[in-house]
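Asks: One predicted model, sequence on top.
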Amino acid sequence: MTGTPTGAGTPAVLATGIDVTLGGHQILQGVDLRVERGEVVALLGANGSGKSTLVRALLGIAPRTAGEVHLLGSRLGNGVPWDRVGYVPQRLPVGAGVPATAVEVVVSGLVHGRTLRPPRDARRRALAALEQVGMAAHAKRSVLQMSGGQQQRVLIARALVREPDLLVLDEPTSGIDLPTQETFVATVRALHERGGTVLVILHELGSFADLIDRAVALRHGRVVYDGPPPSARGEHADHAHDHTHPHADPAQPGAGSTGLSMEVLP
Ligand SMILES: Nc1ncnc2c1ncn2[C@@H]1O[C@H](COP(=O)(O)OP(=O)(O)OP(=O)(O)O)[C@@H](O)[C@H]1O
């Protein structure tokens, strides 16, 4: 994070009454979402429940038919300090057929708004961001020749290079091996400890579990839960998860049978 946080005191994300219609279908209906500064919020829900669409609507990528969004204190539009917002999409955007190298993709994360020229130290910062995701050795390779997991790591580096105040992640760890996931989570944790805000779409809390302050679950385009994250017990729904969790504390809200469990997610 650089400088004074913009609109400090206001929520990092404030969305009210969001409706989105795509291809003639209403995908989101009256979604409200508030993420305070410094919070780490997980967005959960079954495939097709509207998580990616919500994130895209929050960032102005998906068109809204109703509702208002404020990011970092500014109404969605040119007034948002986009240089303080990092976004990691689920995969390389369609049309990313340009044979850019990893370092070039990451440098593009430093170009925003009216500044088309990257800062002087862009390459050094880009290499440092690639290092954070274990991709420094691949800096000069074309992203088109990389595996999905490697491309994902480059996209993460592109978002991190801005040192964002608000980081929005769409299933950032899918297709990434465990050691890299853990390195990435450590980086997100460092960002959080500096006061950064994180909104992350997850299928399971996995390596993020200890970082999550709150979970919001969608079902059929509506918010059906907003509260403590699902218990570690719930993650046992995952058959790969066969050990006991020392951190599962039944005294904690959300850790017992009354809390949200991954098992009850839509
Ligand atoms: N451009 C589009 N045109 C029409 N329908 C769309 C479009 N984009 C998404 N949808 C539909 O909107 C619904 C929500 O999709 P979305 O990708 O937001 O869900 P999701 O919860 O992120 O799912 P996943 O976990 O699979 O990524 C799905 O039924 C999807 O088919």
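Replies: Structure received.
Asks: Nearest the geometric middle of the protein, what residue?
Replies: The centroid of the chain falls nearest to L169 when counting by Cα atoms, centre = their mean (1.6 Å).
Asks: can you pull out the helices in the stretch 1-150 of the chain?
Replies: Using DSSP state H, counting those that start in this stretch, the helices of the stretch 1-150 of the chain run over 51-58, 102-108, 122-132, 148-160.
Asks: so what does the first one touch, helix or strand wise?
Replies: When contacts are defined as 3 or more Cβ pairs under 8 Å, 6 or more residues apart in numbering; DSSP states H and E, helix 51-58 sits against strand 13-22, strand 25-35, strand 40-44, strand 66-71, strand 166-170, strand 197-201. Every C-beta, even on glycine, is put in place using the N, C-alpha and C of the backbone.
Asks: Residues in contact with that helix: which ones?
Replies: By Cβ atoms under 8 Å, 6 or more residues apart in numbering, the residues outside helix 51-58 that reach it are 13, 15, 18, 20, 22, 27-28, 31, 33, 43-45, 62-64, 67, 69, 71, 76, 87, 90, 168, 170, 199, 201, 218, 221.
Asks: Counting neighbours, which of those end up buried?
Replies: 13, 15, 18, 20, 27-28, 31, 33, 43-45, 62, 64, 67, 69, 71, 76, 87, 90, 168, 170, 199, 201, 218, 221 (16 or more other Cβ atoms under 10 Å).
Asks: List, out of those residues, those positioned next to the ligand.
Replies: Restricting those to those touching the ligand (Cβ under 6 Å from any ligand atom) yields 27, 45.
Asks: Spell out which parts of this structure neighbour the ligand.
Replies: Residues of the chain lying near the ligand by Cβ under 6 Å from any ligand atom: 22-23, 25, 27, 45, 47-53.
Asks: mind running it again at 8 Å?
Replies: 22-25, 27, 45-56, 62, 90, 170-171, 201, 203, 218, 221 (Cβ under 8 Å from any ligand atom).
Asks: So which helix or strand of this protein has the lowest pLDDT on average?
Replies: helix 178-193 (a mean of 85; mean pLDDT, DSSP states H and E).
Asks: Distance check, the nearest residue to P179 once chain neighbours are set aside against I156.
Replies: Among residues not flanking P179 along the chain, G134 sits closest, at 7.8 Å (Cβ to Cβ, 6 or more residues apart in numbering). Going from G134 to I156 by Cβ to Cβ, to the nearest Å gives 10 Å.
Asks: So if I had to pick from the two, which one is more boxed in?
Replies: More crowded of G134 and I156, by other Cβ atoms under 10 Å: I156, with 27 against 17.
Asks: Can you check the pLDDT for that one?
Replies: In this model, I156 is scored at 88, pLDDT.
Asks: ok, now T244?
Replies: 33.
Asks: so where is this structure shaky, pLDDT-wise?
Replies: In the predicted model of the chain, residues 1-8, 92-98, 112-116, 232-266 satisfy pLDDT under 70.
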